[in-house]
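> how would this look folded up:
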Amino acid sequence: MTGAVRFAVLGDSLSEGVGDPLPDGGWRGWAALLADGLAPTPYDTRTLNLARSGARSGDVAGPQLEAALRHRPDLASVLVGGNDTLRGGFDIQVVAAELHVVMGALRAEGCDVLTACLPDPGTVLGLPWPLARPLGRRMRALNDTVHALSAYHGAHHLHAAERHWATMPGALSADRLHPSETGHRLLARDFHALLTAAGLAQGPAPRPEPDGAPPGRRAAAWWMATRGTRWIADRCTDLLPDLLRLAGTELRHHRQGGTAVLEEDTRRATVAALAALKVPPGPAARPYTPPRSPAPGQRVLSGTKRTGVPGGDWAAAGSEPSGTTPMTG
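Coordinates of the predicted model:
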């Protein structure tokens, strides 16, 4: 791209900018930081941020996509699906079909598409393994689908699930669910590096240093006392009944030594969802191989492993229960 750039941002709270507040009470976030470095000067970028907290793939495939196409973007980011995995009745076939529609419609208009995979919510929330494993499978299904669709549509894909930035001091916001200003800056820098390598970013990369101090424990406690309890209540009424059912299935298969069956079922469902769209599954959706049991104290990586990702601020690593964020909301 040369000269002025039209940028459309589609997705949920991560792309809305939650965790990176502005003085007026709004959100800035990685998309606004990236936008400043897309064109030769920040004034040459016309950004339309359609992302909203709680959005799911159907919201992006519906109203957000319609508005994005009216914007006639040169570049559009599509980061969504995390909220789908945290809702009852998650269906990878539905999510895959909706993401396929979004990427296909944008590419048909000559728009470059920016995508990313996300960390495993069950692990990063520190849930007990009977609850964490089913959520982990959902996220792997989503990430494998996004990998495959990104390759099929020629999107510029960032393997954000591997970034170790959330273990860095101050990289999480007070809610422990979204990036802080520092986290948003690091995400924006990695996106900028990816687009620069593709010849799509003409301005300087966002600086990594934050404008303000990172949130402390008092801010996190205040969030939990005010907004956090509402977030938990919402998930309990929607996700919890389904998650308890999944946990019961997990425990039953674990006692019978059949955990690999659940993994294979998830893989087959992902492959079938992509096959219905005539999209190759890619190497991620390979037959399941049970992992070796970790040694005491050994770090356990989660998510889909990838290598060769741009950016030096985040190490290529997985996530720990206490160290990363699901980046949803």
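
> so residue 46: helix, strand or coil?
Counting by DSSP: H, G, I helix; E, B strand; the rest coil, the backbone at residue 46 sits in strand.

> report the distance from stretch 19-26 to the chain centre.
21 Å (CA atoms, centre = their mean, to the nearest Å).

> between the two ends of it, how far is it?
Using CA to CA, to the nearest Å, the end-to-end distance of stretch 19-26 comes to 10 Å.

> can you check stretch 52-68 too?
13 Å.

> that stretch: which residues count as buried?
52, 53, 55, 56, 57, 59, 60, 61, 64, 65, 68 (16 or more other CB atoms under 10 Å). Bear in mind the C-beta positions are built from the backbone N, C-alpha and C, glycine included.

> at the geometric centre of the chain, which residue do we find?
residue 118 (3.3 Å; CA atoms, centre = their mean).

> so that residue makes contact with residue 161?
Yes - judged on CB atoms under 8 Å, residue 118 makes contact with residue 161 at a distance of 5.7 Å.

> what sits in contact with each of these two?
Taking CB atoms under 8 Å, 6 or more residues apart in numbering as the contact rule, residue 118 and residue 161 both touch residue 143.

> I'd like the buried residues of stretch 52-68 written out as a markdown table, with pLDDT and distance to residue 204 added.
Shown next, in a markdown table, are the buried residues of stretch 52-68 (pLDDT from 0 to 100; distance: CB to CB, whole Å):
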| residue | pLDDT | distance to residue 204 |
| --- | --- | --- |
| 52 | 95 | 29 |
| 53 | 90 | 29 |
| 55 | 95 | 30 |
| 56 | 96 | 34 |
| 57 | 98 | 33 |
| 59 | 98 | 33 |
| 60 | 98 | 29 |
| 61 | 98 | 34 |
| 64 | 98 | 29 |
| 65 | 98 | 30 |
| 68 | 98 | 26 |
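
> would you say the residue nearest to the centre of the chain is within a helix?
No - under three-state DSSP, residue 118 sits outside any helix and is assigned coil.

> how deep is the closest residue to it other than its chain neighbours tucked in, by neighbour count?
Spatial nearest neighbour of residue 118, chain neighbours left out: residue 82 (5.1 Å); criterion: CB to CB, 6 or more residues apart in numbering. A count of nearby residues for residue 82, using other CB atoms under 10 Å, gives 24.

> now do residue 82, the pLDDT please.
Per-residue confidence at residue 82 stands at 90 (pLDDT).

> do residue 233 as well
59.

> cool, residue 242 as well?
79.

> try residue 254
pLDDT, residue 254: 89.

> kindly report the same for the one 5 residues further on.
For residue 259, the pLDDT comes out at 87.

> the closest residue to it other than its chain neighbours: helix or strand, and which one exactly?
By the measure of CB to CB, 6+ apart, the closest residue to residue 259 outside its immediate chain neighbours is residue 253, 5.4 Å from it. Applying DSSP states H and E as the criterion places residue 253 in helix 229-255.
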